[in-house]
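Enquirer: missing the sequence, but the structure's below:
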DNA sequence: TCTGGGGTCCTAGGACCC
DNA sequence: TCTGGGGTCCTAGGACCC
């Protein structure tokens, strides 16, 4: 058996934990740059506010119902996530952290327990330790556990815990689940399935296997097997190293000058390098992109992108930044209003794998490499102790392009001097 | 005025190898 | 009339996830 534990309206719930007055009010959380609504409390959902709606489009509604609106505060959500996961890790032999607000638990060996009762214990414990409400779904495969979790959330009579064990329970759940609500079936595949009159999860489970394999490929075949109770997706206990790392932002206002783009790209490049070092990885491929707004109909959209391989794999902020700046120069077109930029590193290799690999043509000699490595170590150490941004490269600057974050709550759990902001 | 960010996997097709 | 068989690697594009 697998359990899927999923936090309810996670970002909105995080804001509520530290501001109990919000318990009686609808709450929404915005995406970066205060653009779209990406999390809603139950009350906000009841008002008809849709996921992904631009904030400005529902501003009157938000105001009318006195909705509490927050900028996204990832320092807070990330830390709260860690606390939830640590609590869950103590409640099961194995845990797979699937996303910031979800984890699979291995329930093998729990057969002699009352699983529903155990699910309630999980809910109570997470709520007590962190203040975050969660729902629990349990079933013989991950895909079925996802379905169980969805029912636990949607049907009040489950009281937050749904266990699908017997054939009858599973079949009833599949009949009440539409194909587009199955984990791994998105908009396109749903459309295809509709044309074949496959509308419920039960229909998909019963569909001819050869047809599924041909049109939904290997991924769809796996989903079908999982719906039938054959487990194909094992627990993944260690997170594999990332294959690519991207840092990108929409700008708070239009940016036209190369200088401002250079500052943005430098900031993103340096952030990618920090993420790489945290992963103990090196990159060998760098992509830089800049883009105009997709919503501005007055001019044609420009998406400038360039990818280049680096002379040797690196996680050095300075080396990555230099390469990124050169690439930016080659895609910059004067006279355009840029709304977004980003840096992506790929071709990632583990640090140990190439500690001794030197480039045949590299300009820097090994002593210079060693010196730069030490600089990065010192920078990381200072930033870990005194907060990120305590020291940074001079080229990094977010004065002019900084995204909007006008309704940011405090970093209640990661910043000492923010603790006093707690209001009861 | 105003519309997010960060990932993964799979497939098909082309280039290339012997 | 007629031109093998079996691979790998890379990339672009599409689909999906949170």
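Expert: Thanks, I have the structure now. All figures in this text were calculated on a predicted structure; none of them were measured in a lab. Numbering: from 1, shown residues only, chains lettered A, B, ... in the order given.
Enquirer: Hmm, residue A:202 and residue A:171 touching each other?
Expert: Yes. Using CB atoms under 8 Å, residue A:171 is in contact with residue A:202, at 6.5 Å. In short, each C-beta sits where N, CA and C put it, glycine included.
Enquirer: which of those two has more neighbours?
Expert: residue A:202 (19 against 14; other CB atoms under 10 Å).
Enquirer: Can you name the residues that contact that one?
Expert: With contacts defined as CB atoms under 8 Å, 6 or more residues apart in numbering, the neighbours of residue A:202 are A:171, A:174-175, A:177.
Enquirer: Confirm that it sits in a helix.
Expert: Yes. Looking at residue A:202 with DSSP: H, G, I helix; E, B strand; the rest coil, it is inside a helix.
Enquirer: re the thing from before, are any of the contacts of residue A:202 buried, and if so which?
Expert: For these, a neighbour count by 16 or more other CB atoms under 10 Å gives the buried set as A:174, A:177.
Enquirer: Secondary structure, pLDDT and distance to DNA strand C for the contacts of residue A:202 - can I get that in JSON lines?
Expert: Formatted as JSON lines, the contacts of residue A:202 follow (DSSP: H, G, I helix; E, B strand; the rest coil; pLDDT from 0 to 100; distance: CB to the nearest atom of the strand, whole Å):
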{"residue": "A:171", "secondary structure": "helix", "pLDDT": "98", "distance to DNA strand C": "22"}
{"residue": "A:174", "secondary structure": "helix", "pLDDT": "98", "distance to DNA strand C": "16"}
{"residue": "A:175", "secondary structure": "helix", "pLDDT": "98", "distance to DNA strand C": "19"}
{"residue": "A:177", "secondary structure": "coil", "pLDDT": "97", "distance to DNA strand C": "12"}
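Enquirer: can you give me phi and psi for the closest residue to residue A:302 other than its chain neighbours?
Expert: Using CB to CB, 6 or more residues apart in numbering and skipping the chain neighbours, the partner closest in space to residue A:302 is residue A:292 (4.7 Å). With angles defined as degrees, to the nearest 10, residue A:292 sits at phi -90, psi 170.
Enquirer: what's the spacing between residue A:292 and residue A:256?
Expert: Distance, residue A:292 to residue A:256, by CB to CB, to the nearest Å: 10 Å.
Enquirer: hey, what's in contact with both of the two?
Expert: If you check residue A:292 and residue A:256 against CB under 8 Å, 6+ apart, the residues they both contact are A:336-338.
Enquirer: count of residues packed around the residue nearest to residue A:302?
Expert: 20.
Enquirer: Identify the residues contacting residue A:173.
Expert: Residue A:173 touches A:144, A:147-148, A:151, A:162, A:164, A:201, counting by CB under 8 Å, 6+ apart.
Enquirer: Can you lay out these as TSV showing distance to DNA strand B and neighbour count?
Expert: Below are the contacts of residue A:173 laid out as TSV (distance: CB to the nearest atom of the strand, whole Å; neighbours: other CB atoms under 10 Å):
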residue	distance to DNA strand B	neighbour count
A:144	19	30
A:147	20	27
A:148	22	28
A:151	24	19
A:162	25	27
A:164	25	25
A:201	20	27
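Enquirer: Out of these, which comes closest to residue A:210?
Expert: Taking CB to CB as the measure, residue A:210 lies nearest residue A:201 of those, at 19.3 Å.
Enquirer: The closest one contacts residue A:179, correct?
Expert: Yes. Counting by CB under 8 Å, residue A:179 is a contact partner of residue A:201 at 6.4 Å.
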